[in-house]
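**Q** Structure of the sequence below:
(chains A and B)
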Amino acid sequence: MTQDESSPKTGREAAAERAAIAVRPGEFHHSASGKREKVFELKGVEVLYSGMPAVKGISMDIHRNDVTALIGPSGCGKSTLLRCLNRMNDLIPAAEVRGELLYHGEDLYGAAVDPVQVRKLIGMVFQKPNPFPKSIYDNVAFGPRILGEKEDLDARVERALRGAALWEEVKDRLDSNAFGLSGGQQQRLCIARCIAVEPDTILMDEPCSALDPISTGKIEDLMIELKKEFSIVIVTHNMQQAARVSDRTAFLMVELDAADDNRWGRLVEYDETEKVFTNPGDQRTEDYVSGKVG
Amino acid sequence: MAGPGAAAPRSRLAVAGARATTRAMLGNQPRGDVIRNMVFAALLLLAILIALAGLIALLVQAFVKGSSALSLDLFTNGPSSIRPESAGFRPAIIGSLELIAGVILFVVPIGVGAALYLEEYADKTRWWNRLIEVNIQNLAAVPAIIYGILGLGFIVRGPLDLGFVLAAGSLTLALLVLPMVIIAAREAIRAVPDSIRQGSLALGATKWQTIRSQVLPASLPGIITGIILAVSRALGEAAPLLLVGAAAFVTFDPQPFSGGYTALPVQIYNYATRPQEEFQALAAAGIIVMLVVLLAMNSVAIWLRNRYEQRW
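**A** Got it, this is the predicted structure:
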């Protein structure tokens, strides 16, 4: 998945590679047993927009091959937090990330880290399906093409589409425009597009909120399938979805500063999903998961 | 829950009341409103008829006067001041084609580049970027003759010093339509939703890869439409060309960097100012040729827009 080591590189590419976090999927499959391997370690992470905090004091570890769900009411900063993990927040000039955010032990916001490289390793699926206005094939092939990995493209596209449980539905019309697919198919295409780059982690930002229940079910099944190979972090508005698919759940809550009416998200509880939903350690979590507060 | 029967008398009363109210409201449109509506619709229809009447009058007049002079000679023969029956537009047509070729060469890279900078790179919170934006809007409204003076001062003479040649006319026309191209290209680029850019960046594409492989292809139909409309404007301009050397009476095929040149609208103007009836007919025939070319170009632009327009 990385450029062929033997091929000549331009100085810029080589520098980019040095700058990249030198972790590739597969390298971490056989780590010390017993202790769960961590993909992300967040220590006191704070995100500010134009100086105003959106989330504060987030400390949590995200484990390999888990589906980790971020739940909480609107405005609690779960999407903001998710977008920190692949540095999509960099695209907002006014956003600022503080605290320590480690990815496989490396500082994700270190000076030598290139956000473009980060996003190759940490893929993202968005709330609204956003296929490119191109053919189904070109959508999936886009990632490998920009990485300069053009050999065996057909096989790679097929593998990604199979991985996203879409191959059987589209194999006869790979050349037709992706906009002709249904919403659920488009979202699975976006997942295929993401795994074609062979990332290590997939971030999903409310991937089912624009989909019907049948499509949602397919994507949830897919997540359980995909976690064998990838680590998944999902933001969801739907508590039942978190309960169905995730291994660990983080519950965020809006905290309000009564003095100046500022509000930000705070991590209330983070534990095994089973425990969060059946025996939460915090009264606020219990109120939220039991539907007492929205 | 009470059954439907229990609440029946009361709900029947409510329904009857609601019906009566509705009926009263529906039947009560004041007559004055009806008349006002009709008068307003008639005025709007009149407005569009006046607009169309201008175009139709132009077409009819050009055809009535020019049809006698319409022949293939128009395309093959050069102008003549003594033999109107065999005079044509050949140097003017070739001159116009060379002019717009130069306009396209100049305007496409610079116009699209400027639009990409403004939409994708410029930080809109900076005052100088806002100043550039406002100025481009203003430039699009500057009269053509002003560009002619600019071309005379800076391209024919002054820093570029090209002389009265076709390339100078081409550059002047390019400057004239550049703001149009920038504005059209910006609108096309802005119409590409951010979700496409984010999707591309999230796959590890760089900003330039995202622009080249996603934003530009998606906005290309809009950009091309803008370019065609701008070029058809350049094709019809006579005023700035008169200032930068196209006034000459040209009997040979114009060259880009040497000798005199002329263009279709300039040649039409030249014929139309002569007193003889035959030259008037020739001018009208030239108008027909130019209108056909312009309408064809605009039709292609509209077809392109409808055919490739991306609905997000």
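**Q** hmm, the helix or strand encompassing A:Gln186 touching chain B?
**A** Taking DSSP states H and E as the definition, A:Gln186 sits inside helix A:183-196. Yes - Helix A:183-196 reaches chain B (CB under 8 Å from any CB of the partner chain) through A:Cys190, A:Arg193, A:Cys194. For glycine as for every other residue, the C-beta is placed from the backbone atoms N, C-alpha and C.
**Q** Show me the one in those that has more neighbours than the rest.
**A** When neighbours are counted by other CB atoms under 10 Å in any protein chain shown, A:Arg193 leads these with 31 neighbours.
**Q** Next up, the contacts around it.
**A** If you count contacts by CB atoms under 8 Å, 6 or more residues apart in numbering or on different chains, A:Arg193 has them with A:Pro131, A:Asn139, A:Val140, A:Phe142, A:Gly143, A:Ala160, B:Gly199, B:Leu203.
**Q** which phi and psi does whatever residue of the stretch 1-150 of chain A ends up closest to chain B have?
**A** Here the residue of the stretch 1-150 of chain A nearest chain B is A:Lys120; by CB to the nearest CB that distance is 3.2 Å. Phi and psi for A:Lys120, reported as degrees, to the nearest 10, are phi -70, psi -30.
**Q** Now do the strands in the stretch 51-200 of chain A.
**A** Along the stretch 51-200 of chain A, the segments classed as strands by DSSP state E, counting those that start in this stretch run A:52-63, A:67-71, A:95-103, A:106-107, A:122-125.
**Q** give me the number of residues near whatever residue of the stretch 51-200 of chain B ends up closest to chain A?
**A** Of all residues in the stretch 51-200 of chain B, B:Ser195 sits closest to chain A, at 3.9 Å by CB to the nearest CB. As a burial measure, B:Ser195 scores 16 neighbours (other CB under 10 Å).
**Q** swap in B:Pro143?
**A** 11.
**Q** ok, residues contacting stretch B:138-147?
**A** Counting by CB under 8 Å, 6+ apart, B:Thr172, B:Leu173, B:Leu175, B:Leu176, B:Leu178, B:Pro179, B:Met180, B:Ile183, B:Glu237, B:Ala239, B:Pro240, B:Leu243 sit against stretch B:138-147.
**Q** shouldn't the last one be in contact with B:Gly153?
**A** This means B:Leu243. No - between B:Leu243 and B:Gly153 there is no contact under CB atoms under 8 Å: 9.5 Å.
**Q** The two - which one has more neighbours?
**A** Between B:Leu243 and B:Gly153, counted using other CB under 10 Å, the more crowded position is B:Leu243 (22 against 14).
**Q** before we move on, which element is the nearest residue to the more buried one once chain neighbours are set aside in?
**A** In space, and not counting its chain neighbours, B:Leu243 is closest to B:Gly148: 3.4 Å by CB to CB, 6 or more residues apart in numbering or on different chains. Using DSSP H and E, B:Gly148 sits within helix B:144-150.
**Q** Mind listing what's buried along that helix?
**A** Buried residues in helix B:144-150, counted by 16 or more other CB atoms under 10 Å in any protein chain shown: B:Ala144, B:Tyr147, B:Gly148, B:Leu150.
**Q** If you count neighbours, what's buried in the next helix or strand after it?
**A** Counting by DSSP H and E, the next helix or strand C-terminal to helix B:144-150 is helix B:166-190. Residues of helix B:166-190 classed as buried under the neighbour-count rule (16+ other CB under 10 Å) are B:166-189.
**Q** do the same with stretch B:254-270
**A** Under 16+ other CB under 10 Å, the buried positions of stretch B:254-270 are B:254, B:256, B:260-270.
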